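Enquirer: structure of the sequence below:
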Amino acid sequence: MLGGIDLGYSVAGAFVSFLVGLTGVGGGSLMAPILILLFGINPALAIGTDLWFAAITKSVGGTVHHRMGTVDWQLVRRLALGSIPIAVLTLLWLWLIQGGRLDSSLLMRLLGGALLLTSILMICKPRIQPAMQKLKARLGPTIRVQQLALTVGSGAAIGGLVTLTSVGAGALVAVVLMMIYPLRLSTKTIVGTDIMHAVPLTLVAATGHSLLGNVDVWLLGSLLIGSIPGIIVGSLVSGRVNETFVRYALAAMLAVSALKLLLA
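Expert: Residues are numbered from 1 along each chain as shown. This is a model prediction of the structure:
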């Protein structure tokens, strides 16, 4: 336990939550490595606390996006149909097979791998959408059934990854939505749908980690002091900033964090 509120964590919470509101990315992708690499928090504790941070922060951001009309609720349900059951099964596996604990070095490598994948997909994002638009035109009406299966399946894979590492609910879902629905969603709707789906997923995963003892309440409180105003401002200005610059800057930060975790 930290034993009190630390404003250093609050500043980190404000920074990360602003990026979450702005892009839908950063809740787990940035906060977990910041806690581990910058503040020296135990990986399991960082991941469990980060999941609560993401759940609470994104519930605020999701509410803002819902009021702005930038949430596709049908896609939120499809993603959750895959992600929530797998999150529960992953938590049961952690409890029954692993005794509630994973080796810290293994967690750091899992987290590093997830961050590296996220970074690569963010850089490739502009090339993915045109390719998927051409594929959709070729497949025609049959694409609808495939879209449903791919969305649920992707949600399942992301549910497991998020529960283990706290990474993926933002960046990976955004790329998945762009790939599967290249013509349906605007950038703002991708961000809003991404954030809203993350709320139930991270709530389930965070609750499980609480039962496993992987949450520090004082650390969480410190992060949340900065996060609420940060995500409100980020959500309100989303779509008004240079998306390319933000994407490459985030990808670079994630790649550096990934390499540090993998080489630690």
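
Enquirer: the helix or strand bottoming out on mean pLDDT in the chain: what's the following helix or strand?
Expert: The helix or strand of the chain with the poorest confidence is helix 104-139; it has a mean of 75 (mean pLDDT, DSSP states H and E). Counting by DSSP states H and E, the element after helix 104-139 in chain order, helix or strand, is helix 143-165.

Enquirer: that next one - contacts with which helices or strands?
Expert: Contacts defined by 3 or more Cβ pairs under 8 Å, 6 or more residues apart in numbering; DSSP states H and E place helix 143-165 against helix 43-67, helix 73-96, helix 104-139, helix 171-180, helix 187-211. Yep, even glycine has a C-beta here, placed from its N, CA and C like the rest.

Enquirer: now that helix: average pLDDT?
Expert: Helix 143-165 shows a mean pLDDT of 87.

Enquirer: extract the C-alpha set from that helix and format it as PDB.
Expert: Taking C-alpha atoms only, helix 143-165 is exported to PDB below (Å, rounded to 0.1, in the frame of the first residue of the first chain):
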ATOM      1  CA  ILE A 143     -19.500  -9.800 -45.600                       C
ATOM      2  CA  ARG A 144     -22.200  -9.300 -43.000                       C
ATOM      3  CA  VAL A 145     -22.100 -12.800 -41.500                       C
ATOM      4  CA  GLN A 146     -18.300 -12.700 -41.600                       C
ATOM      5  CA  GLN A 147     -18.300  -9.300 -39.800                       C
ATOM      6  CA  LEU A 148     -20.400 -10.700 -37.000                       C
ATOM      7  CA  ALA A 149     -18.100 -13.700 -36.500                       C
ATOM      8  CA  LEU A 150     -14.900 -11.700 -36.800                       C
ATOM      9  CA  THR A 151     -16.200  -9.000 -34.300                       C
ATOM     10  CA  VAL A 152     -17.200 -11.600 -31.600                       C
ATOM     11  CA  GLY A 153     -14.000 -13.600 -32.200                       C
ATOM     12  CA  SER A 154     -11.800 -10.500 -32.000                       C
ATOM     13  CA  GLY A 155     -13.600  -9.400 -28.800                       C
ATOM     14  CA  ALA A 156     -12.800 -12.800 -27.300                       C
ATOM     15  CA  ALA A 157      -9.100 -12.600 -28.100                       C
ATOM     16  CA  ILE A 158      -8.900  -9.000 -26.800                       C
ATOM     17  CA  GLY A 159     -10.800 -10.000 -23.600                       C
ATOM     18  CA  GLY A 160      -8.100 -12.500 -22.700                       C
ATOM     19  CA  LEU A 161      -5.300 -10.100 -23.500                       C
ATOM     20  CA  VAL A 162      -6.800  -7.300 -21.500                       C
ATOM     21  CA  THR A 163      -7.400  -9.500 -18.500                       C
ATOM     22  CA  LEU A 164      -3.800 -10.700 -18.500                       C
ATOM     23  CA  THR A 165      -2.000  -7.400 -19.400                       C
END
